[in-house]
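Trainee: Sequence and predicted model, in that order:
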Amino acid sequence: MTKTLYADGSSGRVFIYNNASPPSEYDSVSGAKLSDLHFHSDLSYIGSTEIVQASINHPQRTRDSESSKFGSDTYKPRTGTSDYRLGPNNLNATSLFVVVYNGYQAPSGTRIQQRGESIRLVSVYLTSSEVRLHETWSTFDNTLYATTQTYTVYIIRKLFNKSGTAAIQVNPSGFTAGYGKLDTAYKYIRRSDASPTFYVSPYKTADVRGGGYKVVTADGSSYQSNTYTGSFSGASSTGVKV
């Protein structure tokens, strides 16, 4: 199908649409025309400007060698934390981000290992210069063996704003349009129902009942504690692709 690129040098408006209709049909964006558009400088866009991936070697966490007061088959609990560097953060510490672990989205406090009641949890966070991983572990009757896990972090740039004076510009290093709102240096986020990179949802992803918890991430994966007594099943979400 024909794709048309239109740029107005006086207003800076640029759009790309999916047919050979006259550009005047897309000067103002309407609901009926949105499905034709690949880009329109009057619309707002978000994108991923950083993708950080790293494999972390989590060391063995050995149970205590002494029995607890509850009997010879139980051991004194041990707990601790560790922090790891996943990679650089070239945006800022308040940027939005999404974590994917083992093919699923990973909210803060994701369980990556459990043996009996012994458990290892991780959370990703940003500093002004780094993407970091915080590990919390607790051992009871069982030792947590060493494990290597891979984490992918998509750091999200917030809404792109117009800048500069060029409605459209092409040079050997890239392509920009709409006063910089469209730029080949950015990795844009777009809806994808078939093969999404991750999912987004405006609804809650966790519930607490009966002294336990259940997490249902936007991609539908879930886990819960043994004591959870609720019926939380998550909510619908939208797949997006970088």
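Mentor: Thanks, I have the structure now.
Trainee: Give me the residue ranges of the protein where confidence is low.
Mentor: Confidence mapping of the chain against pLDDT under 70 gives the ranges 1, 48-49, 67-73, 159.
Trainee: Show me what counts as buried in stretch 38-48.
Mentor: If you call a residue buried by 16 or more other CB atoms under 10 Å, then stretch 38-48 has these buried ones: 39-42, 45-48. For glycine as for every other residue, the C-beta is placed from the backbone atoms N, C-alpha and C.
Trainee: To clarify, my last question referred to stretch 20-38.
Mentor: 26, 33, 36.
Trainee: With stretch 225-235 instead?
Mentor: 228, 232, 234.
Trainee: swap in stretch 56-69?
Mentor: Of the residues in stretch 56-69, those buried under the neighbour-count criterion (16+ other CB under 10 Å) are 56, 58, 61, 63.
Trainee: beta partners for the third one?
Mentor: Residue 61 has the following beta-bridge partners by DSSP bridges: residue 144.
Trainee: thinking again about what came up before, relative to residue 133, which of the buried residues of stretch 225-235 is nearest.
Mentor: For residue 133, the closest of those turns out to be residue 234, at 24.8 Å, with distances computed as CB to CB.
Trainee: Residue 189 versus the closest residue to that closest one other than its chain neighbours, what's the distance?
Mentor: Here the nearest residue to residue 234 in space, its sequence neighbours aside, is residue 216; by CB to CB, 6 or more residues apart in numbering that works out to 3.2 Å. Computed as CB to CB, to the nearest Å, the residue 216 to residue 189 distance reads 22 Å.
Trainee: next one: residue 149
Mentor: 25 Å.
Trainee: same thing with residue 29?
Mentor: Separation of residue 29 from residue 189 (CB to CB) stands at 18 Å.
Trainee: cool, residue 78 as well?
Mentor: 42 Å.
Trainee: Compare the two and say which one has the larger neighbour count.
Mentor: For residue 78 against residue 189, the residue with the higher neighbour count under other CB atoms under 10 Å is residue 189, and the figures read 20 against 16.
Trainee: quick one on the thing from earlier: what would the buried residues of stretch 38-48 look like in JSON lines with secondary structure and distance to residue 182?
Mentor: Compiled in JSON lines, those are given as follows (DSSP: H, G, I helix; E, B strand; the rest coil; distance: CB to CB, whole Å):
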{"residue": "39", "secondary structure": "strand", "distance to residue 182": "5"}
{"residue": "40", "secondary structure": "strand", "distance to residue 182": "9"}
{"residue": "41", "secondary structure": "coil", "distance to residue 182": "7"}
{"residue": "42", "secondary structure": "coil", "distance to residue 182": "12"}
{"residue": "45", "secondary structure": "coil", "distance to residue 182": "8"}
{"residue": "46", "secondary structure": "coil", "distance to residue 182": "13"}
{"residue": "47", "secondary structure": "strand", "distance to residue 182": "10"}
{"residue": "48", "secondary structure": "strand", "distance to residue 182": "15"}
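Trainee: any idea which of these is the one closest to residue 209?
Mentor: Checking the buried residues of stretch 38-48 against residue 209 with CB to CB, the nearest one is residue 46 at 34.0 Å.
Trainee: Over to the most centrally placed residue in the chain. Which of the three states is it?
Mentor: By CA atoms, centre = their mean, the mean C-alpha position of the chain lies nearest to residue 98, the distance being 1.4 Å. Using DSSP: H, G, I helix; E, B strand; the rest coil as the criterion, the local structure at residue 98 reads strand.
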